[in-house]
Each structure stands twice: as C-alpha cells, then as structure tokens.
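[1] Give me a 3D structure for the following:
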Amino acid sequence: MNAPAHDVPDVQYSTSQLKVIQYVGLQPGVRLIVLGAVHGNETCGTRAIERITREIDAGELTIVRGSVSFVPVTNPLAYSRGHRAGDRNLNRNLRVTATPQDFEDHIANRLCPLLDAHDVLLDLHSFHTASEAFAMLGPQDNDGPLEPFARATQEEAFALRLGVRRIVEGWLDTYARGVAHRVARAEAAGTNIDSARQQQLNTDPAYGVGTTEYMRSRGGCAITLECGQHEDPAAPDLAWRAIRNTLAHFRLIDAPDPAPVAQPEVLRLHDVIDRLHPGDTLAREWRSFDKVAAGERIGTRHDGTPVLAEEAGYVVFPNPGALAGQEWFYLARGSGRFGERA
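    Predicted coordinates:
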C-alpha cells in the first residue's frame with residue numbers, strides 16, 4: 001500500500017519527532033492518553049484525534065478535569081510509508097532499551113515514559129479484513145507471573161462504554177503460546193534463535209507486550225479498540241465517538257457517563273497460528289470472527305498439509321499476506337467473563 005490519502009492533507013508528521021498534543025484541566029482528575037497509528041496503515045485513530053483536537057481548540061469541548069494527551073501518529077515512519085511497520089512492529093516487544101537497534105526502539109524509548117505519566121490508555125486500531133469493530137480487554141485481577149493486574153473492574157467498565165458490543169480477551173496468554181510454538185520450531189530445526197533480529201524478537205518471552213500490556217504493567221488500565229477494516233469510512237467516526245465516550249466516562253469533560261453496552265459478546269483468544277512459508281494459503285477469504293467448525297480446514301501449508309480447527313470457534317485477524325514466521329490468524333472461543341452481563 002502506498003502512502004495513505006489523508007482527509008486533512010495539510011497535517012504533516014515528521015519521522016524525526018513524536019507529536020504530542022496535551023490539554024490539562026484546572027481540576028484534578030484522570031490522566032488519559034489516546035494513541036493513533038501505532039501501525040502506520042491504521043489511520044482511523046489519527047483522523048479521530050485530528051477531529052477531536054479541532055473541536056477542543058474551537059471550544060466545542062473543554063477539558064475541565066485531569067488531562068488528556070493525544071498522539072495522532074505513534075509510528076511516523078510506518079505512517080509515512082502507509083505500512084503496518086517501519087523497521088518492525090511497534091506493538092510487540094515494547095520497552096525501553098539502552099541499545100536501540102531500529103526505528104521502533106527509538107519510538108519506544110520516548111513512548112514508554114509517556115505512558116508511565118498517565119493512568120488510562122485508549123489505543124485506536126483497525127484490521128485487515130472486513131468485520132465488526134471490537135475492544136481488546138486485559139486479564140482478570142490476578143497475581144500470576146505473566147500479566148499481574150488489579151484494575152479489571154475499572155477496565156471492564158471502560159470497555160463497555162466504547163460503543164462496541166464485541167469484547168475480546170486472552171491476548172498475552174495467546175502470545176505466550178505463539179512464542180512457545182516458535183521456540184519449539186527453531187529448536188527442532190536447529191536454528192540459533194538469536195541469529196536474526198526478527199527471529200530474536202519473535203521468540204522473545206515479551207513478544208506480546210504492546211502499548212496496553214505495557215500500560216497495565218505500570219499500574220494503569222488500557223483498551224485497544226479495533227475500529228473496523230482499514231479502509232472502512234465508518235472507522236474514524238467510531239474512533240471519534242469512542243474518544244468522546246472515554247472523556248465523558250472518566251469525567252474529563254462535563255457530560256453524562258455513556259450507558260454501558262447491555263449485552264456484550266465476549267470471546268477469548270486461545271491460539272495463534274503463524275504462516276511458515278509464502279506458499280501457505282488460507283482455505284477461503286476468512287473475515288475476523290467467522291465461525292469455524294471442529295475439523296474444518298482453515299488453510300493449507302505449502303506442502304499440502306491441511307491446517308484444521310481443533311475445536312469449534314472463531315477465526316480472528318486472518319492475514320493472507322502475512323510474512324513467513326509472522327501471525328497468520330488467531331483462534332477464539334466463547335468466554336464467560338461477564339457472567340450474567342453477557
């Protein structure tokens with residue numbers, strides 16, 4: 001994909017800096033941060049942030065409590081190219097490093113301290129194939145080693161007010177499973193997993209840590225909102241409404257708390273399947289959350305081996321153009337997370 005055709009062509013984003021727009025209310029309150037274009041070809045958040053900041057500047061909205069920081073383009077290199085990533089995926093292996101090796105490392109060294117200075121994160125994304133928008137939720141409260149957390153109730157209330165009925169959990173657990181698959185393949189092939197930068201990243205135990213996981217690790221709460229397909233003209237409007245709802249829910253503006261979604265559909269990711277060869281093909285044009293039956297063929301490896309569903313469930317984030325060694329699709333099943341509320 002070439003550089004995106006922007007709705008606001010006079011707005012430029014330099015690859016030499018990270019643009020942050022902040023509004024601070026005069027009364028104490030929540031410190032919110034909203035990110036757009038963590039992936040450069042996912043521009044609905046950028047458009048929504050540009051729109052909401054114009055409204056604040058015009059006096060149509062006023063931040064009266066706490067503060068909100070907007071980062072309209074979180075990965076300017078990827079954005080300038082109209083690609084998902086610059087040198088690598090910014091939303092994996094997100095951490096501060098004393099020895100940055102790529103553009104995303106330099107961004108992380110600025111982004112992580114910025115996240116540290118906030119309480120709540122809304123990260124706005126889109127996805128490859130057409131499907132319904134959804135919110136990615138963190139874990140339930142726990143003190144386990146993978147993703148200890150103590151703000152699940154607050155995060156659930158946040159997710160229910162973003163204007164989408166579908167909520168998905170299980171992100172970091174699934175990534176840990178994916179890393180285990182990759183390490184096992186590398187060991188079986190006798191591959192030195194540190195021999196290449198991408199292989200090193202893909203098999204890193206922290207591979208699944210992106211913006212929201214990092215935010216939770218620092219004591220905050222965070223939601224990734226997948227606003228629809230990349231080119232869906234409705235996605236920027238959905239992202240804009242989600243920002244407005246978030247500002248109201250956390251009382252940064254004087255507006256009623258939005259009503260929570262009454263009957264959310266809650267699903268849990270449980271596995272990620274990598275594309276291992278450029279000749280690996282999907283069995284059909286899957287869309288996110290298409291149902292799959294137990295034993296149904298999802299794809300075929302380049303040598304003819306079928307890739308079958310082990311159980312009935314859902315295909316999520318299918319990417320027929322995934323690079324070899326990268327995520328091809330995810331699998332999800334129903335979740336009882338919200339109990340009677342679901």
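[2] what does the strand ranked longest in the chain rub up against?
    Under DSSP state E, the strand in the chain containing the largest number of residues is strand 265-275. Residues outside strand 265-275 that contact it (CB atoms under 8 Å, 6 or more residues apart in numbering): 165-171, 173-175, 177-178, 181-182, 289, 298-299, 307, 313-314, 316, 319, 322-338, 342. In this view, the C-beta of every residue, glycine as well, is placed from N, C-alpha and C.
[3] For the longest helix that the chain contains, which residues meet the burial criterion?
    Identified as the longest helix of the chain according to DSSP state H is helix 171-188. Across helix 171-188, burial judged by 16 or more other CB atoms under 10 Å covers 171-179, 182-183, 186.
[4] With distance to residue 73 and pLDDT as new columns, can those residues be given to me in TSV?
    Below are the buried residues of helix 171-188 laid out as TSV (distance: CB to CB, whole Å; pLDDT from 0 to 100):
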residue	distance to residue 73	pLDDT
171	23	87
172	25	86
173	30	86
174	28	89
175	25	81
176	30	80
177	32	83
178	28	79
179	29	78
182	30	79
183	34	76
186	34	72
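[5] Residue 246: which of those residues is nearest?
    residue 171 (19.7 Å; CB to CB).
[6] Now do the same contact list for that closest one.
    By CB under 8 Å, 6+ apart, the neighbours of residue 171 are 136, 138, 208, 212-213, 269.
[7] How about residue 300?
    Contacts of residue 300 (CB under 8 Å, 6+ apart): 280-281, 283, 306-307.
[8] Sitting in strands, which of the residues you listed do you find?
    Per DSSP E, these map to strands at 281, 306-307.
[9] Of all residues in the protein, which one is nearest the centre?
    residue 224 (4.6 Å; CA atoms, centre = their mean).
[10] picking that back up, and the contacts of residue 171, which of them are in helices?
    If you go by DSSP H, those have 212-213 in helices.
[11] Check the gap between the closest residue to residue 244 other than its chain neighbours and residue 24 for me.
    Nearest non-adjacent residue to residue 244, counting by CB to CB, 6 or more residues apart in numbering: residue 52, 7.2 Å away. Note on residue 52: its distance to residue 24, by CB to CB, to the nearest Å, is 16 Å.
[12] more neighbours, these two?
    residue 52 (23 against 12; other CB atoms under 10 Å).
[13] Touching, that one and residue 242? I think so.
    No. Using CB atoms under 8 Å, residue 52 is not in contact with residue 242, being 10.1 Å away.
[14] pLDDT of stretch 225-234, averaged?
    Per-residue pLDDT over stretch 225-234 has a mean of 94.
[15] Ignore what I typed, I meant stretch 83-96.
    Average pLDDT, stretch 83-96: 93.
[16] How about stretch 56-63?
    98.
[17] what about it, how long is it end to end?
    8 Å (CA to CA, to the nearest Å).
[18] Could you give me the buried positions within it?
    Applying 16+ other CB under 10 Å to stretch 56-63 flags 56, 61, 63 as buried.
[19] What are the boundaries of the helices in the stretch 201-342 of the chain?
    211-217, 235-249 (DSSP state H, counting those that start in this stretch).
[20] Mind putting these into TSV with mean neighbour count and distance to residue 14?
    Shown next, in TSV, are those (neighbours: other CB atoms under 10 Å; distance: least, CB to CB, whole Å):
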stretch	mean neighbour count	distance to residue 14
helix 211-217	23	21
helix 235-249	22	22
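[21] Sounds good, over and out.
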